[in-house]
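Peer 1: sequence first, predicted model second:
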Amino acid sequence: MQRKEKLLFVVNPISGYGKKDQIGALIDKYLDHHKYEYQLFKTNFPGHARELAQKAVSDETDMVIAVGGDGTINEIVNVLAKTQVKLGIIPLGSGNGLGRHVGIPLNPKKAINSINKGKCLPIDTCLVNGVTFVNMAGVGFEAYISKVFNESNERGLLTYLKCVIQHFNNYRTESYEFMVEGKLIKQRYLTIAFANSQQYGNNAYVAPRASIKDGYLDVVFVQTFPFYYWPVLIFKTLTKKLHTSRYIKTHRTKHFHLKAEHPVPMHVDGDFHSSLADFQVEIQPKSLNLIVGKEVI
Ligand SMILES: Nc1ncnc2c1ncn2[C@@H]1O[C@H](COP(=O)(O)OP(=O)(O)OP(=O)(O)O)[C@@H](O)[C@H]1O
């Protein structure tokens with residue numbers, strides 16, 4: 001008889017919208033018990049998912065499944081990158097950028113089925129100043145909003161949009177410098193995204209031509225724009241046309257060194273990390289074994 005694979009489900013009870021009370025029962029009902037044996041833990045504090053993943057690696061677990069959003073995934077990926085342990089996703093976050101990109105259904109029963117199928121793909125991860133991210137990191141306005149959002153008691157898309165609208169006019173753009181094709185560029189930007197996949201979440205495509213398995217990072221520069229341009233920008237973001245905006249430039253690279261004139265906020269996979277003025281970003285090709293739901297770009 002074939003050995004059963006050992007799974008660990010890591011459930012973030014505060015991610016996304018609803019409680020996660022039913023998830024244990026759904027896993028029990030729909031997981032393929034001929035193929036897998038499993039344990040399930042809820043996270044009690046930020047950083048707990050990382051601790052649980054560390055224990056899973058030392059216990060020779062075959063797959064860790066993040067039940068939550070990109071922040072929960074990020075904690076786990078910081079442990080699983082460059083190991084053989086697979087990552088699964090049950091996307092129950094607010095934005096679910098990575099889960100959406102790799103075609104994991106938002107319906108938990110269907111997501112469990114993707115784990116049963118076990119279609120595994122080696123994907124790229126990235127490092128920013130030594131911290132791993134897998135979907136998106138960034139500096140400037142988007143990171144500032146992730147800080148404000150994390151500090152608010154509410155979650156969800158509506159709260160996020162409220163934060164954006166409230167803070168857009170008051171946010172001061174920062175001056176940055178970096179090299180592109182041997183040329184030194186010095187310019188002010190509203191936000192700069194380091195994109196491994198295509199979207200922040202909620203089908204907001206910031207880097208519609210990015211691939212998670214091409215060995216490259218898409219750096220997306222967003223210049224400041226007038227308030228009346230928001231509807232156009234949102235439309236372009238949702239229809240994968242952002243790169244056609246006159247306020248956007250994209251640079252594809254393996255390494256990127258960015259300096260800001262003053263410390264600016266940085267997020268990794270949607271969660272505020274710290275405020276810094278010097279950023280070294282690099283790609284780590286095919287460094288994570290991810291369970292996917294479809295053919296992935
Ligand atoms: N019990 C807990 N109490 C408070 N925070 C927690 C707890 N467990 C985990 N966290 C933190 O919650 C943060 C947010 O989780 P996550 O990013 O998964 O959800 P989300 O923000 O709703 O989804 P997304 O990132 O997809 O938009 C994580 O960074 C994690 O550190």
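Peer 2: Yep, it's here.

Peer 1: how about the helix-or-strand element of the chain with minimal mean pLDDT against the ligand, any contact?
Peer 2: Sorted by mean pLDDT, DSSP states H and E, the helices and strands of the chain end with helix 157-168, the least confident at a mean of 87. No: figure legend: helix 157-168 not in contact with the ligand (Cβ under 6 Å from any ligand atom); closest approach 8.0 Å. For glycine as for every other residue, the C-beta is placed from the backbone atoms N, C-alpha and C.

Peer 1: give me the neighbour count for the nearest residue to K294 once chain neighbours are set aside.
Peer 2: The shortest distance from K294 to any non-neighbouring residue, by Cβ to Cβ, 6 or more residues apart in numbering, is to G103 (3.2 Å). Per other Cβ atoms under 10 Å, the neighbour tally for G103 reads 13.

Peer 1: where does the protein have low pLDDT?
Peer 2: Across the chain, the ranges flagged by pLDDT under 70 are 1.

Peer 1: what parts of it come near the ligand?
Peer 2: By Cβ under 6 Å from any ligand atom, the residues of the chain that approach the ligand are 12-16, 43-46, 48, 68-72, 75, 93-96, 155, 201, 270-271.

Peer 1: return the subset of the residues you listed lying in strands.
Peer 2: When DSSP state E is applied, the residues of the chain next to the ligand are split such that 68, 271 fall in strands.

Peer 1: can you flag the buried ones in the residues of the chain next to the ligand?
Peer 2: 12, 15-16, 43, 48, 68-72, 75, 93-96, 155, 201, 270-271 (16 or more other Cβ atoms under 10 Å).

Peer 1: where along the stretch 151-297 of the chain do the strands fall?
Peer 2: 174-180, 183-189, 191-195, 217-222, 248-253, 255-268, 271-291 (DSSP state E, counting those that start in this stretch).

Peer 1: still on that earlier bit, surely the residue nearest to K294 touches I297?
Peer 2: No: here G103 does not reach I297: they are 10.1 Å apart, not a contact under Cβ atoms under 8 Å.

Peer 1: before we move on, the earlier item: now for the strands of the stretch 151-297 of the chain, which one comes closest to H34?
Peer 2: Nearest to H34 among the strands of the stretch 151-297 of the chain is strand 271-291; the distance by Cβ to Cβ comes to 17.5 Å.

Peer 1: can you list the buried residues in the closest one?
Peer 2: Within strand 271-291, the residues that count as buried by 16+ other Cβ under 10 Å are 271-273, 276, 279, 281-284, 287-291.

Peer 1: same question, stretch 87-103
Peer 2: 87-102.

Peer 1: D70 contacts V268, doesn't it?
Peer 2: No: assessed by Cβ under 8 Å, D70 is found out of contact with V268, at 9.2 Å.

Peer 1: what about the helix or strand hosting I90, distance to the chain center?
Peer 2: Secondary structure from DSSP states H and E places I90 in strand 86-91. Here the centre of strand 86-91 is set off from its chain's centre by 12 Å, with Cα atoms, centre = their mean, to the nearest Å.

Peer 1: for the least confident helix or strand of the chain, packing partners?
Peer 2: Packing partners of helix 157-168 (3 or more Cβ pairs under 8 Å, 6 or more residues apart in numbering; DSSP states H and E): helix 141-151.

Peer 1: name the surrounding residues that touch the helix it packs on.
Peer 2: Residues outside helix 141-151 that contact it (Cβ atoms under 8 Å, 6 or more residues apart in numbering): 155, 159-160, 163-164, 167-168, 171, 173, 190-191, 193, 200, 222, 264-267, 270-273.

Peer 1: just the buried ones from the residues you listed, in PyMOL syntax?
Peer 2: Here is the PyMOL command that selects the buried residues among those (16+ other Cβ under 10 Å):
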select buried, resi 155+160+163+164+173+190+191+193+200+222+264+265+266+267+270+271+272+273
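
Peer 1: can you measure across stretch 115-129, start residue to end residue?
Peer 2: One end of stretch 115-129 sits 32 Å from the other (Cα to Cα, to the nearest Å).

Peer 1: got a list of what the residue lying closest to E177 once chain neighbours are set aside touches?
Peer 2: Spatial nearest neighbour of E177, chain neighbours left out: K186 (4.5 Å); criterion: Cβ to Cβ, 6+ apart. Counting by Cβ under 8 Å, 6+ apart, K186 makes contact with 175-177.

Peer 1: is it possible to get TSV of those residues that adds neighbour count?
Peer 2: Converted to TSV, the contacts of K186 look like this (neighbours: other Cβ atoms under 10 Å):
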residue	neighbour count
S175	13
Y176	21
E177	13
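
Peer 1: and of those, the nearest to R3?
Peer 2: For the contacts of K186, the nearest to R3 is Y176 (51.4 Å; Cβ to Cβ).
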